[in-house]
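Enquirer: this is the structure alone, sequence omitted:
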């Protein structure tokens, strides 16, 4: 059966993982053609690191990069002082399969391409 | 992250009041083709008389960060000396096929794609060595891209002063208001780096934010 595999990863699982472990898992899954949905998203630093790691692994034939979308961060005055910012839901997929159609403050609309 | 770095990020603004630098290192960031090099050239032309790099419609024309030190800006009696870093455009994907549309050979396009990936990494690394950021967005495009969100998030997390430059307002479908509504927590300055429209307001905002 033709299709695209979707991995929905819970906040609990993500919280138990170290940053590099999380990013490696995301990138490996995306390179296998999977779409990854993270319940609690990534921090801004992790997002930048993910882009950096992606750039290191781009090749001309099989992997041209990722499509990544998350909602903007929301933070209160208290969380700004005491807490670390956490992103909200994040969708990541291979750039040749996932295309963002629309993104607003609270809405992401994406198109997933099946097959080549 | 170390405790000291974390404290520096949270209370850096208090430290800055007491230990103000006499020269700020400002990075020009943004997605490819937003007009970063055009803006860098405009600033240099206005204040030093020369230019930073080649402007082009082809994405990823700037593939190595360029640094120009000691640019002195004077506005409304205020003086600001900055080092300017023109960075390569940040992207999450780079496909050499996109460069073929501009008449490049396959070999040339592949080489550009490889250099562009290295440029993105270099741009991200530069974030660690800056005192402030000019984030250039194309005001004819949707501002809600992941690249913009990621850059803004990183600058906020580092506690760096940020000015968003809504560029290309000379074009008919430009909408700086769309950028303002996407990032209401930051100062947005609409300009045309190409035509020099509103550029005085940008210098004023820079003196205010980075001075």
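Expert: Nice, I can see it. Predicted model, so just to flag it, every value in this text is computed and none were measured.
Enquirer: do you know how far the most centrally placed residue in chain A is from residue A:22?
Expert: Closest residue to the average C-alpha location of chain A: residue A:92 at 3.4 Å, with CA atoms, centre = their mean. Distance of residue A:92 to residue A:22, computed by CB to CB, to the nearest Å: 11 Å. Using the backbone N, CA and C atoms, a C-beta is placed for each residue, glycine as well.
Enquirer: residue A:7 - that's part of a strand, no?
Expert: Yes. Under DSSP: H, G, I helix; E, B strand; the rest coil, residue A:7 sits within a strand.
Enquirer: surely it is in contact with residue A:38?
Expert: No. Using CB atoms under 8 Å, residue A:7 is not in contact with residue A:38, being 9.1 Å away.
Enquirer: neighbour count: these two, which is higher?
Expert: residue A:38 (23 against 15; other CB atoms under 10 Å in any protein chain shown).
Enquirer: list phi and psi for the more buried one.
Expert: Dihedral pair for residue A:38: phi -100, psi 130, per degrees, to the nearest 10.
Enquirer: residues making contact with the helix ranked longest in chain B?
Expert: Criterion DSSP state H: the longest helix present in chain B is helix B:106-126. Helix B:106-126 is contacted by residues A:48, A:51-52, A:55-56, A:58, A:60, B:27, B:29, B:59-60, B:62-65, B:85, B:87-91, B:94-97, B:99-100, B:104 when judged by CB atoms under 8 Å, 6 or more residues apart in numbering or on different chains.
Enquirer: buried sites along that helix?
Expert: B:109-110, B:112-114, B:116-117, B:119-124, B:126 (16 or more other CB atoms under 10 Å in any protein chain shown).
Enquirer: make CSV out of those residues and add pLDDT.
Expert: CSV is the format used below for the buried residues of helix B:106-126 (pLDDT from 0 to 100):
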residue, pLDDT
B:109, 94
B:110, 95
B:112, 93
B:113, 94
B:114, 94
B:116, 95
B:117, 96
B:119, 95
B:120, 96
B:121, 96
B:122, 95
B:123, 96
B:124, 96
B:126, 95
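Enquirer: so which of the residues you listed comes closest to residue B:43?
Expert: Of all the buried residues of helix B:106-126, residue B:126 has the smallest distance to residue B:43: 17.2 Å, by CB to CB.
Enquirer: was I right about residue B:82 contacting residue B:71?
Expert: Yes. Between residue B:82 and residue B:71 there is a contact at 5.3 Å, judged by CB under 8 Å.
Enquirer: those two: which is more packed in?
Expert: Taking neighbours as other CB under 10 Å, residue B:82 and residue B:71 compare with residue B:82 leading, 23 against 19.
Enquirer: partner strands of whichever strand or helix holds that one, with direction?
Expert: Element membership for residue B:82 (DSSP states H and E) is strand B:78-86. Applying DSSP bridges to the sheet, strand B:78-86 is found paired with strand B:24-29 (parallel), strand B:66-75 (antiparallel).
Enquirer: coming back round to it: of the buried residues of helix B:106-126, closest to residue A:28?
Expert: Taking CB to CB as the measure, residue B:117 is the one of those closest to residue A:28, at 18.5 Å.
Enquirer: SS state for the nearest residue to the closest one once chain neighbours are set aside?
Expert: Take residue B:117 and drop its neighbours on the chain: the residue closest to it by CB to CB, 6 or more residues apart in numbering or on different chains is residue A:55, 4.2 Å away. At residue A:55 the chain is in helix, as set by three-state DSSP.
Enquirer: tell me where the model's unsure across chain B.
Expert: Along chain B, segments meeting pLDDT under 70 span B:1-21.
Enquirer: chain A contacts on that one?
Expert: Counting by CB under 8 Å from any CB of the partner chain, chain B comes close to chain A at B:10, B:90-96, B:110, B:113, B:117-118, B:120-121, B:124-125, B:127, B:142, B:144-146, B:149-150, B:152-154, B:156-157, B:182.
Enquirer: got a quick ChimeraX command for the buried subset of the residues you listed?
Expert: Burial among the residues of chain B next to chain A is assessed by 16+ other CB under 10 Å; the matching ChimeraX selection reads:
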select /B:90,91,92,93,94,95,96,110,113,117,120,121,124,127,142,144,145,146,149,150,152,153,154,156,157,182
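Enquirer: for chain A, what spans make up the helices?
Expert: A:11-16, A:19-31, A:44-57, A:77-82.
Enquirer: and of those helices, who's closest to residue A:67?
Expert: The nearest among the helices of chain A, by CB to CB, is helix A:19-31 at 9.0 Å.
Enquirer: please see if that closest one touches chain B.
Expert: No. Helix A:19-31 stays out of contact with chain B when judged by CB under 8 Å from any CB, the minimum separation being 10.1 Å.
Enquirer: so which elements touch that helix?
Expert: Here helix A:19-31 touches strand A:35-38, helix A:44-57, strand A:90-94, going by 3 or more CB pairs under 8 Å, 6 or more residues apart in numbering or on different chains; DSSP states H and E.
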